[in-house]
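Colleague: based on what follows, work out the 3D shape:
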Amino acid sequence: MDRAARPLTSGVGLGLRWDFLEEVLEGPTVDVAFFEVSPENYMRRGGYYPAALERISRRYPLVTHGLSLSVGAQAVPDRAYVAELAAEVERLGSPWHSDHLALTSGAGRVFHELLPLKFSRDVAYRVADRLEALAEALARPVAIENVTYYAHAGRAELSESDFLHTLFERTRAGLLFDVNNVYVNAQNHGFDAHAALASFPLERAVELHVAGHTRARSGLLIDTHGAPVAAPVLDLLAATLARTGPLPVLLERDNDVPPLGVLLEEVRAVRGVVERALGEHGGRPEALGAIGA
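Modeller: Residues are numbered from 1 along each chain as shown. Alright, predicted model coming up:
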């Protein structure tokens, strides 16, 4: 279907999950600015689920967020996968497509994990080239998400923020800034998350993510997306918005998914944080950067 992408510059959205798909499909309109979907869950399928998503796309803006690009791999993404991805993103009318700054496959195997990349210039250059090629193939802007890492992939030549700056010097892609991931990394690796905000290229941010995490017995924080968003993450969200101005904010929940009504209460709580943050800091009119510019 030839559908023009709908602009999306602000508001709080929710990750669409099969746990409540029918309720969104058949029930009254819910109070979210958009839904985010992983297209790999609907590609190469026929029947009910793609058709249901098509119906939902007529009622709500959809934004696609991928899981399988493996942008840091040595091998280029499979052409057939990219072609099918392009068709699905077009079908859903997503304003951009995002994926993770991670390794998700290699040597012909899919890891089903978001493994961190080595923070080096060579890897940053490779990722930048991949993102430029992907934007061309999808015929729309792309964005890349910072991920949690529990250990460095080899000796880091750059800090995470320097890696991102190096990457964005060579690509027009945007940043999907995951606030929870920054908080989790800060707690696990012993740096101040609020102080670190100044070092990230937030001028390239086009969307923000928040999610819940859990604490292991060892004290390590794990990015589970299986709990409500913690208060310190909401504080960091407010601090991020003070730097960026209005951006779409997405609430993710992938494990121990509660009823939709509970999630919508959390969406309202996140919206309250967003409104207070923007009100206190003047509601800057636009994100500082322009994706694809």
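
Colleague: please make it C-alpha for all contacts and neighbour counts, starting now.
Modeller: Will do.

Colleague: neighbours of His152, how many?
Modeller: His152 has 12 neighbours, counted by other Cα atoms under 10 Å.

Colleague: in which helix or strand does it reside?
Modeller: Assigning secondary structure by DSSP states H and E places His152 outside every helix and strand.

Colleague: hang on, it packs against Leu115?
Modeller: No: using Cα atoms under 8 Å, His152 is not in contact with Leu115; the gap is 9.8 Å.

Colleague: how about stretch 9-16 as CSV, C-alpha atoms only?
Modeller: In CSV, the C-alpha atoms belonging to stretch 9-16 read as follows (Å, rounded to 0.1, in the frame of the first residue of the first chain):
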residue,chain,number,x,y,z
THR,A,9,7.1,15.3,16.6
SER,A,10,5.8,14.8,20.1
GLY,A,11,3.5,12.8,22.4
VAL,A,12,3.8,9.6,24.4
GLY,A,13,3.4,6.3,22.7
LEU,A,14,3.3,2.7,23.7
GLY,A,15,5.0,-0.4,22.3
LEU,A,16,2.3,-2.6,20.6
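
Colleague: residues contacting the residue nearest to Thr171 when sequence neighbours are not counted?
Modeller: Nearest residue to Thr171 in three dimensions, chain neighbours excluded: Ala128, at 5.3 Å (Cα to Cα, 6 or more residues apart in numbering). Applying Cα atoms under 8 Å, 6 or more residues apart in numbering to Ala128 gives the contacts 167-168, 170-171.

Colleague: okay, and for the stretch 1-150 of the chain, where does confidence drop off?
Modeller: Scanning the stretch 1-150 of the chain for pLDDT under 70 picks out the ranges 1-6, 105-112.

Colleague: show me where it has helices.
Modeller: For the stretch 1-150 of the chain, the helices defined by DSSP state H, counting those that start in this stretch cover 21-26, 48-57, 79-92, 121-138.

Colleague: make CSV out of those helices and add distance to Val229.
Modeller: Below are those laid out as CSV (distance: least, Cα to Cα, whole Å):
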stretch, distance to Val229
helix 21-26, 22
helix 48-57, 26
helix 79-92, 28
helix 121-138, 30
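
Colleague: tell me which of those lies nearest to Pro259.
Modeller: Pro259 lies closest to helix 21-26 among the helices of the stretch 1-150 of the chain, at 9.9 Å (Cα to Cα).

Colleague: just checking, what packs against the closest one?
Modeller: Helices and strands touching helix 21-26, by 3 or more Cα pairs under 8 Å, 6 or more residues apart in numbering; DSSP states H and E, are helix 48-57.

Colleague: so which bits of the helix it packs on are buried?
Modeller: Of the residues in helix 48-57, 49-50, 52-53, 56-57 count as buried by neighbour count, 16 or more other Cα atoms under 10 Å.

Colleague: the stretch 101-250 of the chain: strands as residue ranges?
Modeller: 103-106, 109-115, 142-145, 174-178, 205-210, 214-215, 221-222, 249-251 (DSSP state E, counting those that start in this stretch).
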